[in-house]
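Novice: sharing a model that was predicted from the sequence below.
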Amino acid sequence: MKNNFIALAYLLFLCSINLYGQETKEVNLINLDGSWEKEIFKFPISFAPSINYQGYEEARFPPIGWSSVHHPNFWSYTFAWSIDKKSQITTNDLETDLQKYFDGLMKVHTSKELKEHKTVALFIKKERALFVGKIKTYDRFTTKKPISLNVLVESHFCKKQEKLILLFKFSPKDFTHQTWEMLDRITLVNNYCNQ
């Protein structure tokens with residue numbers, strides 16, 4: 001019975017993403033095979049319209065375990081943004097954008113009982129193009145409880161196209177957990193500036 005409930009919750013999550021997602025074209029920013037679930041969102045994203053970018057997001061979910069609380073892949077996934085931006089991203093930009101993103105995704109702004117669960121995001125810049133952070137948000141899809149996600153963000157500026165490509169990797173697991181071995185292998189496609 002519990003497994004049926006988890007499967008149903010995951011199915012509802014994918015359906016809700018499909019309602020928000022808009023397949024605009026064949027987008028391939030992330031170098032993953034077809035076993036990973038793929039969703040495309042066009043900016044401005046319908047559930048977070050105040051993130052003021054033009055471009056799109058490619059979200060990818062592992063073939064097993066994303067919605068299973070006891071699986072190592074629970075809430076472990078990736079997405080990439082290809083956005084029109086004439087400059088590099090800052091830690092403040094990431095914090096603000098991801099707070100809006102997750103509050104919109106979790107419907108924190110529309111639900112009285114969820115308002116206490118507003119997203120908090122904190123980032124530090126580790127290297128020129130690598131950011132590390134933590135997001136505290138609410139999991140409305142499976143546990144209906146607060147959740148903390150560790151985050152790695154790679155930033156790639158395409159100067160000629162005046163475009164910024166961001167690769168996000170998320171997991172509630174510590175960076176030393178085996179799940180991060182899977183996430184660390186995820187890369188962008190070679191010609192991401194031309195996508």
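Specialist: In hand now; what should we look at? Numbering: from 1, shown residues only.

Novice: low pLDDT regions in this structure?
Specialist: 1-25, 108-115 (pLDDT under 70).

Novice: helix, strand or coil for the residue nearest the centre of it?
Specialist: Most central in the chain under Cα atoms, centre = their mean is residue 79, positioned 4.6 Å from the mean C-alpha point. Counting by DSSP: H, G, I helix; E, B strand; the rest coil, the backbone at residue 79 sits in strand.

Novice: and it, what does it touch?
Specialist: 30, 57-60, 168 (Cβ atoms under 8 Å, 6 or more residues apart in numbering). For glycine as for every other residue, the C-beta is placed from the backbone atoms N, C-alpha and C.

Novice: next one: the strand of greatest length in the chain to chain centre, how far?
Specialist: Looking across the chain with DSSP state E, the single longest strand is strand 145-158. When distances are taken as Cα atoms, centre = their mean, to the nearest Å, strand 145-158 is centred 7 Å away from the chain's centroid.

Novice: ok, it: who's next to it in the sheet?
Specialist: Sheet partners assigned to strand 145-158 using DSSP bridges are listed as strand 130-139 (antiparallel), strand 163-171 (antiparallel).

Novice: name the nearest residue to residue 154, ignoring sequence neighbours.
Specialist: residue 167 (4.3 Å; Cβ to Cβ, 6 or more residues apart in numbering).
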